[in-house]
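Colleague: Mind folding the following:
(3 chains)
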Amino acid sequence: MENLEREHIFVRPEDYDKHFSTLNLGPTHPATHGIFQNILTMNGETIVDAEQTIGYIHRAFEKLAEKRAFYQITTLTDRLNYCSSPINNIGWQTTVEKLLGVETTKRIDYMRIIIMELARISDHLICNSVIGVDSGALTGFVYLFQEREKIYEIYEEICGARLTTNLGRIGGFERDFTPSVIRKIREFINHLPKVIRQFEKLLLRNRIFMDRTIHVGGISAERALNYGFTGPCLRAAGVDYDVRVMNPYSSYNDFDFTIPVGTNGDTYDRFCVRQEEIWQSINLVKNALENLPEGDFHTDVPEFYLPAKEDVYSKMESLIWHFKIVMGEVQVPVGEVYHAVEGGNGELGFYMVSDGGRTPYRLHFRRPCFVYYQAFPEMVKGSFLSDAILTMSSMNVIAGELDA
Amino acid sequence: MSQYNLVSPPEGYSAPGFFATSLDKVVGLARKNSIWPLPFATSCCGIEFMATMGANYDLARFGSERLSFSPRQADLLMVMGTIAKKMGPIVNQVYEQMAEPRWVLAVGACASSGGIFDTYSVLQGIDKVVPVDVYVPGCPPRPEQILDGFMKIQELVGNESLRRRYSPEYRALLEKYGIK
Amino acid sequence: MEQQLIQDSLQGKFQHGIISFDESSDILTLTVKKQVVIEVIHFIKEELGFHFLTDLCGIHYPDQELALGVVYHLHNFQRNIRIRIKTFTSVAEPEVETLTAIFSSANWMERETYDFYGIVFVNHPNLIRILNVEYLDYFPLRKEYPLEDQTRTDKDDRFFGR
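Modeller: Numbers count the residues shown, from 1 in each chain, chains lettered A, B, ... in the order given. Presented below is the predicted three-dimensional model:
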């Protein structure tokens, strides 16, 4: 009798494949941060297959870049990974400097490191706190966002904008750090560890959080490399690849920092790697700020460095250069260059072909999350729907970067 | 007296024991202080919206503590970020799913006009697919600006006539966008 | 030094497939015929240790006979060298063999290249548009197509100096 009842209620294992359901996740699903669609084939609560559709905010950056002068492209790069715009800005500027063969001074490099590491902190803060939100802990998000506001304040102090910073110029910065910038960074760096420790206390050894994330959405190092993973997601899988160490730019080789690596490549490892990178970044900012050398805040490349506005209005030479740069009458070397920086999500590459014109002939952005998000179906196969949500948020897919 | 601010009552006649005003005003008052927004955040402006929701700026002060991710229960569609042509029909669909009365706030230059992305793939403003009530400029707008736009919406909501949604003008407006 | 070694081993293996070596730019660049490009990449992956496909993108030179190009960037993590491989094909016959069998990451990058330039990757598992709408009837990043949306009517050319 009992057996008979069971047969009526439950689907037999051999009939499983006849009972798949299709579930549409996105493009406007609250759990997809950013806009992309996942069509999941489900067997009960288990995911059998996933198919992604992206391109919902494709903005044609690469075509736009072919029509914009070099100094105007900084504005576009802001909107790639908008959680850490300054890294993109500086990545683009260093690419142009590589093409031009411009050497920057130590002060510029150190200032850049400070800003880039602050940006990395803000990127990881948003990602990790959102992992918390998706696993049901909103508290961490609220506290970390308050800290993030302080980073915005520092950006505002440096360049006047909060999110899309358009920070820096080709060859350096538009203005020097004011004393209040330095004071604000110091205050922030001194206060942040307390909050991060609280946040870690909330989640890192939290039984529920560990159960939700350990062995969820894992990927092996070999598959991760084959899928072109970079950044925290690759390091979580156990490969210590970091552009800052492999191909140091902007004097990163002057500093001593460790690259955290994980073992399983699962959601928990990604979380921990990001968390540890925040600590490393705090140290980097501290060191760079302490050893900030004296010097000029921009290199002497009048052909590309837009002169200060007050000079344009009062000095003949600046006016001429300003006119030349804006009208595109400077000599641009012919050639091609690939330059990569370690963005919030991994290797952010700029492949530029210049034909000597005012604009790049071709500019391709190697966007880390575009490359690695395609591994998502492989990572969630066989796991539960709620695990897929956590995997997605731990991959930190930023729609602006995904769709370019 | 209290640490809480109470909204002032609408215009009306009062004497001991009674208060008389028009129904429009009472409904408007109730609606405007409990708007449930649907955050349709696609890109950069969405991050600024997160800041607006955060502790520093706190959208909850305006009666919008509860975000409605389902269009069915939402009053206000907040479109934040670039809407590409691929996304256009989806915005339209979300709007259609919302129940009357509904309002639309276009946050940021991209949602308002396409912004700096005057390209083949970007919709040049969401007013091509849905009617918009308030535009917030900025790329991205600061949280204060988003709040300001939100308060403008509140003003509209508070002063709206109950008959507006049945008027032939409103029907014609929806007809223009192909919304039934 | 390392570059010389790579160059020698490649030249020994693919004498006729390789069109040119270029050391003048930032990383070693070689241009190969499209018939052998997959073989070359397979060789440098397995024999020379370039296990990481950094980037794959298209490029368009309308004045050349072989106008459409595909540019591959590979990275050898162990010895930290990068290499750039280019191959060209004509607009009339824009077909290149797919790389998805060797690198899974090539899947979306090739779809993106197809979407932008119309380069058809033969044997690709799912070669459809990835970023643009499916009904788009041209390949927007080719040089002959304008940046702006041509169907717009609300723009007054006088205000844009045209």
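Colleague: Test my guess that B:Asn92 contacts B:Val130.
Modeller: Yes - with contact defined as Cβ atoms under 8 Å, B:Asn92 reaches B:Val130; the gap is 6.0 Å. C-betas here are computed from N, CA, C, even on glycine.
Colleague: what is in contact with these two at once?
Modeller: B:Tyr177, B:Ile179 (Cβ atoms under 8 Å, 6 or more residues apart in numbering or on different chains).
Colleague: Looking at the two, which is more packed in?
Modeller: Comparing B:Asn92 with B:Val130 by other Cβ atoms under 10 Å in any protein chain shown, the one with more neighbours is B:Val130, at 23 against 17.
Colleague: Give me every residue in chain A lying close to chain B.
Modeller: A:27-30, A:34-35, A:55-60, A:63-64, A:75-76, A:78-79, A:82-83, A:126, A:142, A:145-146, A:148-149, A:152, A:162-164, A:399-400, A:403 (Cβ under 8 Å from any Cβ of the partner chain).
Colleague: Quick one: distance of the helix or strand where A:Tyr143 lies to the chain centre.
Modeller: For A:Tyr143, the host element (DSSP states H and E) is helix A:138-159. Mean C-alpha position of helix A:138-159 versus that of the full chain (Cα atoms, centre = their mean, to the nearest Å) differs by 16 Å.
Colleague: So which residue is smack in the middle of chain C?
Modeller: Centroid-nearest residue in chain C: C:Val70, 1.8 Å away (criterion: Cα atoms, centre = their mean).
Colleague: Check whether that residue sits in a helix, strand or coil.
Modeller: strand (DSSP: H, G, I helix; E, B strand; the rest coil).
Colleague: residues touching A:Gln146, list them.
Modeller: A:Val195, B:Gly54, B:Ala55, B:Asn56.
Colleague: 10 Å instead, please
Modeller: By Cβ atoms under 10 Å, 6 or more residues apart in numbering or on different chains, the contact set of A:Gln146 is A:Val195, B:Ala51, B:Gly54, B:Ala55, B:Asn56.
Colleague: Pretty sure A:Leu40 sits in a helix.
Modeller: No - counting by three-state DSSP, A:Leu40 is not part of a helix but strand.
Colleague: returning to that earlier point: going by neighbour count, which of the contacts of A:Gln146 comes out on top?
Modeller: B:Ala51 (23 neighbours).
Colleague: ok, that residue touching A:Phe145?
Modeller: Yes - using Cβ atoms under 10 Å, B:Ala51 is in contact with A:Phe145, at 6.8 Å.
Colleague: which residues do those two both contact?
Modeller: In contact with both B:Ala51 and A:Phe145: B:Tyr57, using Cβ under 10 Å, 6+ apart.
Colleague: In a strand, B:Gln124, correct?
Modeller: No - counting by three-state DSSP, B:Gln124 falls outside a strand, being coil.
Colleague: got a list of what it touches?
Modeller: If you count contacts by Cβ under 10 Å, 6+ apart, then B:Gln124 has B:83, B:85, B:110, B:112-115, B:117-118, C:148-149, C:151-152, C:154-155 around it.
Colleague: let's see it at 7 Å
Modeller: By Cβ atoms under 7 Å, 6 or more residues apart in numbering or on different chains, the contact set of B:Gln124 is B:Ser113, B:Gly114, C:Asp149, C:Arg152.
Colleague: What sits closest to the third one if chain neighbours are left out?
Modeller: What that stands for is C:Asp149. Nearest non-adjacent residue to C:Asp149, counting by Cβ to Cβ, 6 or more residues apart in numbering or on different chains: B:Tyr120, 5.2 Å away.
Colleague: any idea how far A:Val133 is from the one you found?
Modeller: Separation of B:Tyr120 from A:Val133 (Cβ to Cβ, to the nearest Å): 35 Å.
Colleague: which one of the two has more residues nearby?
Modeller: B:Tyr120 (23 against 17).
Colleague: okay, that one: pLDDT?
Modeller: pLDDT recorded at B:Tyr120 is 89.
Colleague: Just the strands from chain C, written as ranges.
Modeller: Counting by DSSP state E, chain C has strands at residues C:18-22, C:28-32, C:52-60, C:68-76, C:81-89, C:95-97, C:120-122.
Colleague: got the angle between the fourth one and strand C:52-60?
Modeller: Looking back up the chat, that one is strand C:68-76. 160 degrees (axes from the mean of the first three to the mean of the last three Cα atoms, to 10 degrees).
Colleague: partner strands of strand C:68-76, parallel or antiparallel?
Modeller: Strand C:68-76 sits in its sheet next to strand C:52-60 (antiparallel), strand C:81-89 (antiparallel), going by DSSP bridges.
Colleague: next one: it to chain centre, how far?
Modeller: 6 Å.
Colleague: can you check the fifth one too?
Modeller: Using Cα atoms, centre = their mean, the mean C-alpha position of strand C:81-89 is found 8 Å from that of the whole chain.
Colleague: and what of stretch A:340-359?
Modeller: 15 Å.
Colleague: Can you give me the end-to-end span of it?
Modeller: With Cα to Cα, to the nearest Å applied, stretch A:340-359 spans 20 Å between its terminal residues.
Colleague: got it, and stretch B:82-99?
Modeller: 24 Å.
Colleague: Give me the contacts around it.
Modeller: A:27-28, A:35, A:55-59, B:40, B:42-43, B:71-72, B:74, B:77, B:79, B:110-111, B:117, B:121-123, B:126, B:129-130, B:179, C:133.
Colleague: In chain C, what helix or strand scores lowest on average pLDDT?
Modeller: helix C:2-13 (a mean of 84; mean pLDDT, DSSP states H and E).
Colleague: Tell me which residues of that one come out buried.
Modeller: C:Ile6, C:Leu10 (16 or more other Cβ atoms under 10 Å in any protein chain shown).
Colleague: What of stretch A:21-30?
Modeller: Buried residues in stretch A:21-30 (16+ other Cβ under 10 Å): A:Leu25, A:Gly26, A:Pro27, A:Thr28, A:His29, A:Pro30.
Colleague: Up against chain A, what does chain B have?
Modeller: Taking Cβ under 7 Å from any Cβ of the partner chain, the part of chain B that reaches chain A is made up of B:40, B:42-44, B:47-48, B:50-51, B:54-56, B:69, B:81-82, B:84, B:86-87, B:90, B:94, B:116-117, B:119-122, B:139-140, B:142.
Colleague: Any of these buried? List them.
Modeller: The buried subset of the residues of chain B next to chain A (16+ other Cβ under 10 Å) comprises B:40, B:42-44, B:47-48, B:50-51, B:54, B:81-82, B:84, B:86-87, B:90, B:94, B:116-117, B:119-122, B:139-140, B:142.
Colleague: What does the pLDDT read for C:Phe14?
Modeller: So, for C:Phe14, pLDDT stands at 85.
Colleague: residue contacts, it?
Modeller: C:Val36, C:Val40.
Colleague: Pull out the buried members of the residues of chain A next to chain B.
Modeller: Counted by 16+ other Cβ under 10 Å, these give A:27-30, A:34-35, A:55-60, A:63-64, A:75-76, A:78-79, A:82-83, A:126, A:145, A:148-149, A:152, A:162-164, A:399-400, A:403 as buried.
Colleague: following the helix holding A:Tyr143, which helix or strand comes up?
Modeller: Sequence-wise, the next helix or strand downstream of helix A:138-159 (DSSP H and E) is helix A:179-203.
Colleague: Contacts for that following helix next, please.
Modeller: A:114, A:132, A:137, A:139-140, A:143-144, A:147, A:150-151, A:153-154, A:157-158, A:209, A:275, A:278, A:282, A:285-286, A:289.
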